[in-house]
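Engineer: Structure here, sequence nowhere to be found:
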């Protein structure tokens with residue numbers, strides 16, 4: 001009887017181990033779904049927001065010893081591309097641009113889909129000039145080779161805006177400066193890189209915890 005009971009307990013323990021392993025796999029799978037863009041495989045906007053606030057908090061704790069930048073990318077005339085080659089062609093362009101953007105990033109960088117035809121990268125330990133050089137490599141990589149669609153190879157270009165985080169800056173202000181640089185890229189003729197103005201903010205206008213914004 002004792003041997004039978006021992007055998008039954010062993011079988012149950014093995015079954016529990018299998019169930020726990022399966023549960024862990026499901027947790028990992030759900031986390032991937034929650035934090036990644038299904039089309040491009042990049043991290044999504046929600047994950048970008050979390051990571052940006054974490055980086056800002058880290059910056060504040062280290063009192064500016066760390067530094068980082070962001071680069072926002074927008075595919076030029078994407079609506080026109082979609083209208084001409086359909087959503088399937090548009091999806092191919094999004095995946096292709098995402099792949100080229102990611103290929104230029106370092107292992108420590110975080111490349112995300114920002115929304116629609118926009119992408120964003122967080123570049124740790126990277127000053128504004130380094131972000132600009134990174135963005136230029138990305139721009140050149142995208143412009144160098146057409147996107148292969150079902151109909152024909154189609155040239156694609158992108159505009160990019162760069163900003164370096166400044167002390168006591170709100171997360172919203174940081175993103176806005178990169179967005180404004182991107183807007184200047186598009187207004188300046190597209191297929192180009194612009195950098196944000198590095199005007200230091202008045203500390204009285206900034207809260208003590210900028211990551212809360």
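Structural biologist: Received it, and whenever you're ready, just let me know what you need. Everything numeric in this text was worked out from a predicted model, so none of it was measured. Residues are numbered from 1 along each chain as shown.
Engineer: got the contact list for the residue positioned nearest the centre of the chain?
Structural biologist: Centroid-nearest residue in the chain: residue 112, 1.8 Å away (criterion: CA atoms, centre = their mean). By CB atoms under 8 Å, 6 or more residues apart in numbering, residue 112 lies in contact with 37, 42-45, 47-48, 119-122. Placement of C-beta: from N, CA and C, glycine included.
Engineer: try residue 105
Structural biologist: 111, 121, 123, 134.
Engineer: So which of the contacts of residue 112 belong to helices?
Structural biologist: Those of the contacts of residue 112 mapping onto helices are 45, 47-48, per DSSP state H.
Engineer: What is the nearest of these to residue 16?
Structural biologist: If you rank the ones in helices among the contacts of residue 112 by distance to residue 16 using CB to CB, residue 47 comes first, at 32.3 Å.
Engineer: Mind picking the two most distant members of the contacts of residue 112?
Structural biologist: Taking CB to CB as the measure, the contacts of residue 112 have their most distant pair in 37 and 122, spaced 15.4 Å apart.
Engineer: who has more neighbours, those two?
Structural biologist: For residue 37 versus residue 122, the count of surrounding residues by other CB atoms under 10 Å is larger for residue 122: 22 against 18.
Engineer: in terms of contact, does the more buried one touch residue 59 like I think?
Structural biologist: No: with contact defined as CB atoms under 8 Å, residue 122 does not count as touching residue 59 (11.7 Å).
Engineer: Overlap in contacts, those two.
Structural biologist: By CB under 8 Å, 6+ apart, the residues touching both residue 122 and residue 59 are residue 68.
Engineer: And the lengthiest helix in the chain, what does it pack against?
Structural biologist: Using DSSP H, we find that the single longest helix of the chain is helix 2-35. With contacts taken as 3 or more CB pairs under 8 Å, 6 or more residues apart in numbering; DSSP states H and E, helix 2-35 sits against helix 45-61.
Engineer: For the helix or strand following the helix it packs on, give the mean pLDDT please.
Structural biologist: The helix or strand immediately downstream of helix 45-61 is strand 68-75, counting by DSSP states H and E. Averaging pLDDT along strand 68-75 gives 97.
Engineer: Distance of the closest residue to residue 142 other than its chain neighbours relative to residue 190?
Structural biologist: Spatial nearest neighbour of residue 142, excluding adjacent residues (CB to CB, 6 or more residues apart in numbering): residue 158 at 4.9 Å. Applying CB to CB, to the nearest Å, the value for residue 158 to residue 190 is 8 Å.
Engineer: circling back: so which of the contacts of residue 105 wins on neighbours?
Structural biologist: residue 121 (28 neighbours).
Engineer: pretty sure residue 156 is in a helix, no?
Structural biologist: No: counting by DSSP: H, G, I helix; E, B strand; the rest coil, residue 156 is not part of a helix but coil.
Engineer: Show the contacting residues for the closest residue to it other than its chain neighbours.
Structural biologist: In space, residue 156 comes closest to residue 147 once its chain neighbours are excluded; the distance is 5.0 Å by CB to CB, 6+ apart. Taking CB under 8 Å, 6+ apart as the criterion, residue 147 is in contact with 89, 92-93, 96-97, 153-156.
Engineer: pLDDT weak spots in this structure?
Structural biologist: 26-33, 64, 198-213 (pLDDT under 70).
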